[in-house]
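# coordinates for the following, if possible.
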Amino acid sequence: MKKFIIMVALLTIHLQSTETLIYKKDTGGKETTTTYTVDKTSSQYKIEATSQDHQTLLESNIPYSLVCLSCTSKKNSDHYTFTLKDSVLTADGVIKGEKLHVTHKLGKNERWIQEFEFGLLPLLTSTRKSIDFAILHPKNFKIHKMTAKKYAIETLQLGEVSYKAQQVQISLQGFKSMFWKAHLWYDTETHDLLMYKANEGPHTPTTIISLVSKASSVE
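Numbering: from 1, shown residues only. Take a look at the predicted model:
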């Protein structure tokens, strides 16, 4: 009996699930796709995102808490790595030929969220109505403070599939909230991002990101 329990425990420890999600991005009629490969164990997420323009790698603890994100351009020499350790957010990289190194000290209990495909899991899996977080601008490494807030649960139609979706709105904090907002919808069962809709500022085209497909496996 003890051997059986030990064997089950070992299998549980090494159990790994893999998900592949494909998203389509439409910005003013220009379409691209990004494929996310999500490897999840009992202690961490490792996520690889591949598009025609970038290769991005993410590492996160479980519950989801990002510790490292690196991005490399496929079109030029731009690349950067963001890491979080002991509440210090460090950004290193090369942008348009210029080397950049920036550090930011996060406040007590302040969250770092860098992407919205998975970064809002702490909000979606809790009873909280909103969370505040910090995000780095990938072009200059400046830090911005944002708020994500839950709104209504709606029915969202993507192609032939109908989803029960949690609507979330993300905005800059303070008076800056007047200048930018994003609307997102997440599957209430899986917490997958279903759709993102926003622009990059005044007089810029709307970007719509939507889930195209998802496949899962367990090893």
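# for the most centrally placed residue in the chain, helix, strand, or coil?
Geometric centre of the chain, nearest residue: E115, 3.0 Å, by C-alpha atoms, centre = their mean. With DSSP: H, G, I helix; E, B strand; the rest coil as the basis, E115 sits in coil.
# so who does it touch?
58, 69 (C-beta atoms under 8 Å, 6 or more residues apart in numbering). Bear in mind the C-beta positions are built from the backbone N, C-alpha and C, glycine included.
# what are the phi and psi values at it?
When quoted as degrees, to the nearest 10, the phi and psi of E115 stand at phi -150, psi 160.
# same thing with the one 3 residues further on?
Backbone torsions for F118, taken as degrees, to the nearest 10, come to phi -130, psi -20.
# any idea how far the residue nearest to the centre of the chain is from S42?
22 Å (C-beta to C-beta, to the nearest Å).
# quick one: the helices in this structure?
Taking DSSP state H as the criterion, the chain carries its helices at 2-14, 121-124.
# any idea which of those scores lowest on pLDDT?
Lowest mean pLDDT within these: helix 2-14, at a mean of 45.
# give me the number of residues near L156?
19 (other C-beta atoms under 10 Å).
# make that K139, sorry
K139 has 11 nearby residues by other C-beta under 10 Å.
# now do the residue lying closest to it once chain neighbours are set aside against I208, distance only.
Spatial nearest neighbour of K139, excluding adjacent residues (C-beta to C-beta, 6 or more residues apart in numbering): I95 at 6.0 Å. Shown here: I95 relative to I208, a distance of 26 Å by C-beta to C-beta.
# next up, the contacts around P202.
Residues counted as contacts of P202 (C-beta under 8 Å, 6+ apart) are F179.
# re earlier: for the residue nearest to the centre of the chain, give me the pLDDT.
97.
# return the distance of it relative to L66.
For E115, the distance to L66 - C-beta to C-beta - is 8 Å.
# what's near enough to touch the closest residue to H191 other than its chain neighbours?
Counting by C-beta to C-beta, 6+ apart, H191 lies nearest to L124, which is 4.5 Å off, once chain neighbours are set aside. Taking C-beta under 8 Å, 6+ apart, we find L124 in contact with 166, 168, 186, 191.
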